[in-house]
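J.: would you be able to build a 3D model of this:
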Amino acid sequence: MPVAPRCNLKCIFCDHSLGVSCHLPSPGKSMRVMSVQEAVQRVFEECERRPRLRIVGVSGPGEPLYNPATLELFSLVRESRPDLEFCLSTNGILLTENVGALVALGVRTVTVSIHAVTPEYADRVYEWAIIDGRRKVRQVGADVVRRQLDGLRAAARAGIHVKVNTVLIPDVNESEVTLVAQTVAQAGAEIQNVMPLVPPAGGEGLMAPSGAALLSVRRSASHYIPQFLHCSQCRSDVVGVPGVDIPLWLAD
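T.: Okay, the predicted model is just below:
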């Protein structure tokens, strides 16, 4: 459900614009943002039409935990459908302070996007971050990494299953990904999804990794943590089951 438009972290590859130009099947894309009430109603409608649906997720188009609508949506759905599972994708900056609320709502799985674990590499990936209500535009990497790993540990200790998404960005973080795998495994993550970069429009100098490079990095990372290999890099406004999901506006 695309109920989370605001973001507190700017990755160099992110493009969360909305509208008819956003038809690409890539993470963070959404035709538009839904209100909480609209999303709740849509959850019930889609579950009625598609009885196989069992999970309600929020992955954007911004940062779910930076938008109160995310937990409000989960709370309203939980009141009527205690059988449904919840999941969310987060950059982890606000995860520590939200672990208690997630556990109370019955969230059992969380995906944390971590693309670097050393400040110098993180500074290459993140253009700015909002930390403690203030936007920081220089040397944000150390703060971001610390908060991400603290949040991961807190979630794992609380019994939440944590998957880590790592975008492989040629010439930016490819030599860092194996260290990410080792570090997040030690922090309590159970599986890692190394995703190939989908270059954004106008992203000068950014290119997708070759298949060989992706395979090599995944093999190296697999020495430290199991690798998730079935990711379709879905949008934040899809409905269906993996492999056959479609954007919500096409599901009408």
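
J.: and the spatially closest residue to E176 that is not a sequence neighbour, how many neighbours?
T.: Leaving aside its chain neighbours, E176 sits nearest to Y121 (4.4 Å; criterion: Cβ to Cβ, 6 or more residues apart in numbering). In this view, the C-beta of every residue, glycine as well, is placed from N, C-alpha and C. Applying other Cβ atoms under 10 Å, we find 22 residues neighbouring Y121.

J.: could you do G133 as well?
T.: G133, neighbours per other Cβ under 10 Å, totals 6.

J.: distance of it from N8?
T.: The gap separating G133 from N8 is 10 Å, by Cβ to Cβ, to the nearest Å.

J.: and T166, which of the three is it?
T.: Following DSSP: H, G, I helix; E, B strand; the rest coil, we place T166 in the strand state.

J.: which residues touch it?
T.: 113-115, 173, 177, 180-181, 192-195, 221 (Cβ atoms under 8 Å, 6 or more residues apart in numbering).

J.: change it to 10 Å
T.: Neighbour list for T166: 112-117, 173, 176-177, 180-181, 184, 192-195, 217-218, 221 [criterion: Cβ atoms under 10 Å, 6 or more residues apart in numbering].

J.: same deal with A39?
T.: Contacts for A39 were tallied using Cβ under 10 Å, 6+ apart; they are 1-3, 33, 56, 58, 69-70, 72-73, 76-77, 248.

J.: again, only this time at 8 Å
T.: A39 neighbours (Cβ under 8 Å, 6+ apart): 1-3, 69, 73.

J.: try H115
T.: 11, 122, 125, 166-167, 169, 173, 176, 180.

J.: among those, name the ones in strands.
T.: Counting by DSSP state E, the contacts of H115 place 11, 166-167 in strands.

J.: pLDDT check: weakest of the residues you listed?
T.: Looking at the ones in strands among the contacts of H115 by pLDDT, the weakest one is C11, with 93.

J.: distance check, that one against N165.
T.: With Cβ to Cβ as the criterion, C11 and N165 are 11 Å apart.

J.: go on, D132?
T.: Distance of D132 to N165, computed by Cβ to Cβ: 25 Å.

J.: host element of A156?
T.: Here A156 sits within helix 141-157, counting by DSSP states H and E.

J.: er, M195 actually
T.: strand 191-196.

J.: what about the helices in the stretch 101-250 of the chain?
T.: Ranges of helices in the stretch 101-250 of the chain, per DSSP state H, counting those that start in this stretch, are 119-125, 141-157, 177-187, 211-221.

J.: flag every buried residue along the longest one.
T.: Just to be clear, that refers to helix 141-157. Residues 141, 143-145, 147-156 are the ones in helix 141-157 that count as buried (16 or more other Cβ atoms under 10 Å).

J.: right, and L53 touches F44 too?
T.: No: counting by Cβ atoms under 8 Å, L53 does not reach F44; the two are 10.5 Å apart.
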